[in-house]
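Peer 1: Build me a structure from this.
(one chain, ligands or ions: 1)
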Amino acid sequence: MLVVGSGASGLAAALSADRAGASVAIVTKGTLQSCNSAKAQGGIQAAFADDDSPELHAEDVWRSSHETADRRLVEVLTGEAPDAIHWLEELGVEFTRSNGGYRLARCGGASRKRLLQVGDRTGHAITTALRDAVEAATVETFPKSPLLGLDQTGSGWRARCGDETLEAATVVLAAGGRCYREAEERGELSTNHPGATGEVTQIALDLGAEGRDLDALQYHPNGGAWPPNTQGYSIPETTRAYGAVLVNADGEEFTDSLGPRDAVSQAIFDEVEKGKGVTTPDGRPAVYLDTTRIAPADAEISLPYMLRRYRAAGVDPLGEPILTYPVLHYQNGGLVIDTDAESTVEGLYACGEIAGGTHGRNRMMGNSLLECCVFGRRAGRAAAAGARA
Ligand SMILES: Cc1cc2nc3c(=O)[nH]c(=O)nc-3n(C[C@H](O)[C@H](O)[C@H](O)COP(=O)(O)OP(=O)(O)OC[C@H]3O[C@@H](n4cnc5c(N)ncnc54)[C@H](O)[C@@H]3O)c2cc1C
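Peer 2: Residues are numbered from 1 along each chain as shown. From the prediction side, this is the model:
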């Protein structure tokens, strides 16, 4: 079977399919390391707290999606979250701990503390562990081999990938979203890596696969606005979980800083529109994120990379508020899938950001890495079974 993409979802699918006994190849556009997953900082959600449950987690997803998510997918996502975390631990991911348990933060839209972290390089830790496991398995890898075309054959699929033509009984599409291309076309900043251009979604749609909510793109409320080395950087949402608040030019709080992402982004746009924003030295709109309210001990444990990045440019977020403005970040919608991550085209699976439904029209932070693991594993297992059938 063939996996397209080497982010967290593609790696999870390939590893699970390999363990299910399939002969697996991964093709990817750039290097094996190049993906959005590795850039994820904030964390991954799972209900571990005493006052939490997969049902409460599912309710938060449903509410944050404005009741547009696919409830069957949400139940799988939140129900399998604790198991996915243990699976990652078996692969070597060491989540930050405190007081004998996981260090859990509350993220925007969540009713409980549920976000597990590996410092503020969670995606890097997860993709490194998954890639090490894939490289130790018998998975064949084809870097710099972008999927260019996919055709159905009598026995499955023929894929044109760069200079290679590969035959496979089943195919897992794990090629991520399109926010890099979309931001370029709009002349805006994006947090995404340059490979996030969306052509694989189009290939699937052209084959007749159904899509949903493809117009619903998510702005990360806290893009870096200044200094220049932070433009296009997403300031981790954990800054707000650990006490940072959004304030306008007059120093007034103007929104619930831990509201759902779309609400917080809109509040910033509105505040700037009302003339209550500030302007960066290079003329961009912004508001303040008052990071001075974060306790230094929390920042040292949960935000070390963020601190290094700002301090390298001469700004200390614990000593002064930083400038922020929303940036294009995530494709909420995608290909329609069932609970085995199969698209509406038989033998064609989709997992991760390329798939739709799990988050409806508005994703909560920390549920995308989770989706990659939960549905990546399901896609790998189902595609392996499909390849044997
Ligand atoms: C800066 C940043 C911070 C984030 N923080 C968090 C967080 O804290 N928690 C959270 O849950 N989520 C977070 N997210 C979102 C999350 O990381 C991503 O949505 C998720 O990891 C996507 O995984 P994926 O495997 O679907 O896609 P990706 O990781 O983007 O991987 C897609 C892969 O497909 C390849 N590809 C693309 N086109 C082709 C093609 N034509 N042929 C072959 N291969 C192709 C790419 O090169 C890449 O290897 C963050 C995202 C960003 C950008």
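Peer 1: Now do the SS call for G223.
Peer 2: Per DSSP: H, G, I helix; E, B strand; the rest coil, the secondary structure class of G223 is strand.
Peer 1: check contacts around it.
Peer 2: Contacts for G223 (C-beta atoms under 8 Å, 6 or more residues apart in numbering) come out as 189, 191, 231-235, 324-327, 329. C-beta: built from backbone N, CA, C; applies to glycine.
Peer 1: and what of D316?
Peer 2: Applying C-beta under 8 Å, 6+ apart to D316 gives the contacts 307, 310.
Peer 1: surely H57 meets A81?
Peer 2: Yes. H57 is within contact range of A81, at 6.7 Å (criterion: C-beta atoms under 8 Å).
Peer 1: any residues in contact with both of the two?
Peer 2: Common contact partners of H57 and A81 (C-beta under 8 Å, 6+ apart): 45-47.
Peer 1: how about CSV for the contacts of G223, with pLDDT added?
Peer 2: Below are those laid out as CSV (pLDDT from 0 to 100):
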residue, pLDDT
L189, 89
T191, 94
Q231, 92
G232, 86
Y233, 91
S234, 91
I235, 93
T324, 97
Y325, 96
P326, 96
V327, 95
H329, 96
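Peer 1: can you put those in a markdown table and add neighbour count, secondary structure and distance to L91?
Peer 2: Compiled in a markdown table, the contacts of G223 are given as follows (neighbours: other C-beta atoms under 10 Å; DSSP: H, G, I helix; E, B strand; the rest coil; distance: C-beta to C-beta, whole Å):
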| residue | neighbour count | secondary structure | distance to L91 |
| --- | --- | --- | --- |
| L189 | 21 | coil | 33 |
| T191 | 25 | coil | 25 |
| Q231 | 16 | strand | 34 |
| G232 | 17 | coil | 30 |
| Y233 | 20 | coil | 27 |
| S234 | 26 | strand | 25 |
| I235 | 30 | coil | 28 |
| T324 | 26 | strand | 34 |
| Y325 | 26 | strand | 36 |
| P326 | 26 | strand | 34 |
| V327 | 25 | strand | 31 |
| H329 | 27 | strand | 26 |
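Peer 1: out of the residues you listed, which touch the ligand?
Peer 2: The overlap between these and the neighbours of the ligand (C-beta under 6 Å from any ligand atom) comes to 191, 234.
Peer 1: In the contacts of G223, find the pair that's most separated.
Peer 2: With C-beta to C-beta as the measure, no two of those lie farther apart than Q231 and H329, at 13.7 Å.
Peer 1: Wasn't M364 part of a strand?
Peer 2: No. Using three-state DSSP, the secondary structure at M364 is coil, not a strand.
Peer 1: burial count for it?
Peer 2: Residues lying near M364 (other C-beta atoms under 10 Å) number 24.
Peer 1: Alright, calling it a day.
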